[in-house]
Structures are given as structure tokens and as C-alpha cells.
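Colleague: Provided below for reference: sequence and predicted model.
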Amino acid sequence: MTSTIEEDFELELRALPGVLNVGFGHGQEGEVSTVTLLVRTAYPEAVRDSARQVASLYFPQVDVVVEPAQATRAEGTADGARIVLLRAEFSESDGVSQVQLTHAGRVGLGRAGSGPLIGGAEATLAALRELGLVIPFYVMTVTKVDTSIGQSVVVTFRSLSNEEDRIGIARLDGDLISSCRATLNALNRYIELA
């Protein structure tokens, strides 16, 4: 049986970026002696440092072990640090775009009623926020442009804070899919840097 302190500790550890699972090892007197984090991230040392800081508040003497998850890459997926587009659909009957994303083992669903081009960007932004990510941007423009490789979709995001504007581009492969990919192209970089 876990104590309330252990439950709070586990909750904070699970909130760290890239943490998939948390396990505890206990000493002879029942105290927490080790904590093991299963992570999917390109920066396991950063997760370990963050976990040690959290541990110092609850159990200062605990050993923190970080084990990278063995990711099997399925077609259409990216590494665990990136956001992956699972599904994008547009309903002609009500004009609603629906986008489903996954990140760090979580799934987010976003909807927007602005058609497939602008709605794709807005729905992707909503799905990112449902994943619990703080995205201080709003959609400023979504445009189709001719490039040397053919038509592309360019999405521009304006910052709600003092961040620089973000721009993403994707080759045209249908309005909705291209808008989603351009949005992720712009915001994946922001999320990785944040």
C-alpha cells in the first residue's frame, strides 16, 4: 500500500516530459529507496536531473534510475520526443476538421469548424493543448503557395507572449493533412526547445 506522499511523488514524476512509467523500490523499513523511470526521450539525463530535483522534496536519499524505452518504430511514427499525427478528418456536412495526435504516450483530439485548411491548423493546435502542452501561439495565416517542388501549405503562428512568430511548411497532400503537418513542422521545434 502506497502512502499519500508516494502518490504525490509519483504524480510529479509522471508529469515530467518523456516519462512513460514510474516504479519504486523499498528498503527494509518500507521507505522508498529507489525510483525507476521508464522514459522515451532524446534527453534522458535531463529527465534524471529533473527527477532528482523532485525527489529531493520528497525522499532526499532516493536513487533515481532512468531506463530508455525500447521504441519499435511503426510506419508513420516518429521518436517519442516528437508529436505524431494519428488521424485527420474533415466532415463536409458540418465543416468541422478533427485531428488526433499522440505525444509521450498520450493522445489529444482537437476540433475546429473553419474548413479543412485553416481548420486543420486550428484543430491541430487544439489537440496539442489537449495533450497538456502549453502553446502560446495562435494561427495567423494558412496559405497555399507554389514552390519549386510543387504546391505547399504555409502556416504562420503569432505569439501570445514575447516569443518569435513560428512558420511551418508542408508539401500539399490535401488541405487538411498538409495544414496539420505544417502546424506540427512549426510547433515541434518550439516544443523541443521549450
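Modeller: On my side now, so go ahead.

Colleague: tell me what the lengthiest helix in the chain is packed against?
Modeller: The single longest helix within the chain, with elements called by DSSP state H, is helix 175-193. Here helix 175-193 touches strand 84-91, strand 96-103, helix 117-130, strand 137-147, strand 150-159, strand 166-171, going by 3 or more Cβ pairs under 8 Å, 6 or more residues apart in numbering; DSSP states H and E. The way it works is simple: take the backbone N, C-alpha and C, and place the C-beta from them, glycine included.

Colleague: between those, which one is closest to residue 110.
Modeller: If you check each of the helices and strands packed on helix 175-193 against residue 110 by Cβ to Cβ, helix 117-130 wins as the nearest, at 3.0 Å.

Colleague: so which residues make contact with that closest one?
Modeller: Residues outside helix 117-130 that contact it (Cβ atoms under 8 Å, 6 or more residues apart in numbering) are 83, 85, 88, 90, 95-101, 108-114, 135, 137-139, 142, 144, 153, 155, 175-180, 182-184, 187, 191.

Colleague: the most centrally placed residue in the chain pairs with what?
Modeller: The chain has residue 103 as the residue nearest its centroid, 4.0 Å off, counting by Cα atoms, centre = their mean. Taking DSSP bridges as the rule, residue 103 bridges to residue 106.

Colleague: ok, now how distant is it from residue 121?
Modeller: From residue 103 across to residue 121, the span is 17 Å (Cβ to Cβ, to the nearest Å).

Colleague: hang on, isn't residue 141 packed against residue 153?
Modeller: No: look at residue 141 against residue 153 with Cβ atoms under 8 Å: they stay out of range, at 10.6 Å.

Colleague: give me the more crowded residue out of those two.
Modeller: The residue with more neighbours, out of residue 141 and residue 153, is residue 153; 28 against 12, by other Cβ atoms under 10 Å.
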